[in-house]
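K.L.:
let me see the structure of the following:
(one chain, ligands or ions: 2)
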Amino acid sequence: MNDAESRAVGDLADEFLDSFGPMRDPAKIAAAATVAAQRLPSRIREFLARARAEEPAVTVLSNLPVQESLEPTPVGWELASKLGAAQREETVLLLCGAALAEPFGWISQQAGRLVHDVCPTPGEETSLTSASSTLALNFHTEDVFHPCRCDYVSLFCLRNPTQVGTTIVRTDALDLPAEIRAVLFQERFLFLPDDSHSLSSLPATPESETPGTHRGAVLFGPADAPYLRFDIDFMRAVPGDQEASEAIDAVQAALLEHTERIALSPGELVFVDNYRVVHGREPFVSRYDGTDRWLKRLNLTRDARRISALTGKRSVII
Ligand SMILES: O=C(O)CCC(=O)C(=O)O
Ligand SMILES: [Fe+2]
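P.N.:
Ligands and ions are numbered 1, 2, ... in the order given. Presented below is the predicted three-dimensional model:
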């Protein structure tokens, strides 16, 4: 966006923050953001409306406002939450996201916050969560286990001094043999909650000891341009199904052949279509000196009523 549009987004964020203060009530904030997003510059609303209609794999907004006086990168989301770090940037993400789809969160993830912090955390360097650093994050569908997982995962870059790449693979790029595709279209796979979810907040399921486990297919939707659900670290074939297990390996191998990278710069916001793209992250070295990479993250659904239908509650926090 141009500088005038960027300023207008910043002004709208300030106005929103003045009216609503820190984000305490997620349902109220999400609804208010959807209304306020109508006042974003028209070119941005049109751009995002087109993205919603045409389903591009990734959509990027650039030149969004990030304050010169941005505070040091917090060492983890808990501290960020306690400090209320980068509230203005959080609001910018919320407003832009709400122009594309509906914000929601998880009670089991980052304590039910609507906007998350993605920054390296001491002790988590090799974890399988966004708080890691030295270990690459494998390609994954965000929240692969859940039927209400987001349509878009949005990542807004505040700091990325060493240009660490977010890695992606477009489902359309995968050229899998027909017999493997046929297996992947069948519900022969178990998807598990990833380590960013606290298991105690997830419902127990009969299918497995792990709460929140869900059975489903890897490919679904349009036969000629299928949607994908995949996370090598948090899925497995139904026990005893060797063919399904081999199909998982075939997908993982294909993903590694079609890797693209997006190294976000401050002020860039990427909306990753969570049905059409899997994403991950390159490894990097964290410094914990306030200059580390820092993103804000927001989950977006195209239909929040799906959440109410499933949970039996009118809530934007699953
Ligand atoms: O840090 C990134 O670029 C992506 C991390 C990630 O997978 C996520 O936050 O969902
Ligand atoms: Fe992710």
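K.L.:
next SSE downstream of the lengthiest helix in the chain?
P.N.:
If you go by DSSP state H, the chain has its longest helix at helix 3-20. Going down the chain from helix 3-20, the next helix or strand is helix 26-36, by DSSP states H and E.
K.L.:
tell me the angle that following helix makes with helix 3-20.
P.N.:
Using axes from the mean of the first three to the mean of the last three Cα atoms, to 10 degrees, the direction of helix 26-36 lies 140 degrees away from that of helix 3-20.
K.L.:
38 is where my numbering starts, stick with that
P.N.:
Fine by me, first position is 38 from now on; the one you just mentioned is helix 63-73.
K.L.:
who are the packing partners of helix 63-73?
P.N.:
With contacts defined as 3 or more Cβ pairs under 8 Å, 6 or more residues apart in numbering; DSSP states H and E, the packing partners of helix 63-73 are helix 40-57, helix 124-135, strand 139-141. Placement of C-beta: from N, CA and C, glycine included.
K.L.:
what residues does it touch?
P.N.:
Residues from elsewhere that reach helix 63-73 (Cβ atoms under 8 Å, 6 or more residues apart in numbering): 49, 52-53, 56-57, 60, 131-132, 134-135, 139-142, 149-151, 341, 351-354.
K.L.:
now which of the residues you listed would you call buried?
P.N.:
49, 53, 57, 60, 131-132, 134-135, 139-142, 150-151, 341, 352-354 (16 or more other Cβ atoms under 10 Å).
K.L.:
which of the residues you listed are close to ligand 1?
P.N.:
When Cβ under 6 Å from any ligand atom is applied, no member of the buried ones among the contacts of helix 63-73 is adjacent to ligand 1.
K.L.:
and the helix or strand harbouring residue 117, which residues are buried?
P.N.:
Assessed by DSSP H and E, residue 117 sits inside helix 114-120. Buried residues in helix 114-120, defined by neighbour count with 16+ other Cβ under 10 Å: 114, 117-118.
K.L.:
now the helices for the stretch 138-287 of the chain?
P.N.:
Per DSSP state H, counting those that start in this stretch, the stretch 138-287 of the chain carries helices over the ranges 215-221, 279-294.
K.L.:
quick one: which of those helices is nearest ligand 1?
P.N.:
helix 279-294 (14.1 Å; Cβ to the nearest ligand atom).
K.L.:
can you name every helix or strand that that closest one contacts?
P.N.:
helix 215-221, strand 272-274.
K.L.:
make JSON lines out of those and add mean pLDDT, distance to residue 104 and mean neighbour count.
P.N.:
Shown next, in JSON lines, are these (pLDDT from 0 to 100; distance: least, Cβ to Cβ, whole Å; neighbours: other Cβ atoms under 10 Å):
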{"stretch": "helix 215-221", "mean pLDDT": "98", "distance to residue 104": "45", "mean neighbour count": "16"}
{"stretch": "strand 272-274", "mean pLDDT": "98", "distance to residue 104": "40", "mean neighbour count": "19"}
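K.L.:
how far away is the most far-flung residue of the chain relative to its centre from residue 131?
P.N.:
The centre of the chain is farthest from one residue, residue 277, which by Cα atoms, centre = their mean lies 31.8 Å away. Residue 277 sits 45 Å away from residue 131, taking Cβ to Cβ, to the nearest Å as the criterion.
K.L.:
check residue 253 too.
P.N.:
30 Å.
K.L.:
on that earlier part again, residue 157 is nearest to which of the helices and strands packed on helix 63-73?
P.N.:
helix 124-135 (17.7 Å; Cβ to Cβ).
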